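1. Prediction below, plus the sequence it came from.
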Amino acid sequence: MEKTTIKEVTRIELKNPVLVEGLPGLGMVGRIATRYLAKQLKAKKLANLYSPHFPYYVLVNKKGSVRLLRGEFYFWKNEAGENDLILFTGDSQAQTIEGQYDVASCILDFAERNNVKVVVTIGGYRKEVEETPKVVAASPSSELLNKALQAKAIASPVGNPIVGTAGLLLGMARFRKIDAVCLLGETRGYLPDPRAAKSVLEVLQRMLRVKVDLSGLDEEIEKSKGIVERMKEIEERREKYAQKMRRGEEERITYIS
């Protein structure tokens, strides 16, 4: 495979579609949110994206079958609202700078072919969070940004870099005359964070006027709390041991002196 390629699974006419992108990244917030949304809406496969810029290995399933890493487009027909949805998620982001631009450009090509006028990207915003994570929003469109703020997001700090596909789509969409907004859930970032994903989906629901049952994330949130608590305990024990070793070393130095 020499270039990024999209293989369509089906062709369908969509009504004013909005593209929602969420790939693996900080806290896996984008991937968790987009996959959950696709599952709850019972979205159907639209296309697969393959790229030589993805990591060079295959995934093996329970039956021993293998497949290349890929991005996946799903669609959902919104019978009660103004906008159908195209959901894009996948196994990985591109691994090089050139690859990031190439994949983002290919995603926008697909969006244009499907008459997408609005793109929403989802990711994580690194921050130590004890309470409910906030959602940080950024957009080159003041109208879309205001819509996100009205949906209870907060404006991004000045100078905040948005790395990867979520950021590039935001910056490149304007050259295609496509509006875009990025929603970033506050997260520690070192573990999959369903709590941050839930916060983002709450904002996204309000923006798109789409109702989704988010209670299915609660079990994953409880599991993640347990993992975080265990990691804190391990870190505290490690710190106590390090302090004990430092005291021992100081006492040894004092004795020799």
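-> On my side now, so go ahead.

2. okay, CA-based contacts and neighbour counts for the rest of this
-> Will do.

3. For residue 212, grab the count of nearby residues.
-> Other residues within reach of residue 212, judged by other CA atoms under 10 Å, total 13.

4. Tell me where this structure has strands.
-> Assigned by DSSP state E, the chain shows strands spanning 5-8, 18-21, 44-50, 58-60, 66-68, 71-76, 85-90, 118-126, 135-138, 154-155, 179-187.

5. Switch these over to TSV, and while doing so, append distance to residue 97 to every line.
-> Conversion of the strands of the chain to TSV gives the following (distance: least, CA to CA, whole Å):
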stretch	distance to residue 97
strand 5-8	18
strand 18-21	19
strand 44-50	17
strand 58-60	22
strand 66-68	21
strand 71-76	17
strand 85-90	18
strand 118-126	18
strand 135-138	22
strand 154-155	27
strand 179-187	20
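
6. Take those strands and lay them out in JSON lines including mean pLDDT and mean neighbour count.
-> As requested, those are exported to JSON lines (pLDDT from 0 to 100; neighbours: other CA atoms under 10 Å):
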{"stretch": "strand 5-8", "mean pLDDT": "97", "mean neighbour count": "15"}
{"stretch": "strand 18-21", "mean pLDDT": "98", "mean neighbour count": "26"}
{"stretch": "strand 44-50", "mean pLDDT": "98", "mean neighbour count": "19"}
{"stretch": "strand 58-60", "mean pLDDT": "96", "mean neighbour count": "11"}
{"stretch": "strand 66-68", "mean pLDDT": "96", "mean neighbour count": "13"}
{"stretch": "strand 71-76", "mean pLDDT": "98", "mean neighbour count": "22"}
{"stretch": "strand 85-90", "mean pLDDT": "98", "mean neighbour count": "24"}
{"stretch": "strand 118-126", "mean pLDDT": "97", "mean neighbour count": "25"}
{"stretch": "strand 135-138", "mean pLDDT": "98", "mean neighbour count": "27"}
{"stretch": "strand 154-155", "mean pLDDT": "96", "mean neighbour count": "17"}
{"stretch": "strand 179-187", "mean pLDDT": "97", "mean neighbour count": "28"}
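
7. okay, residue 194: pLDDT?
-> Residue 194 is assigned a pLDDT of 95 by the prediction.
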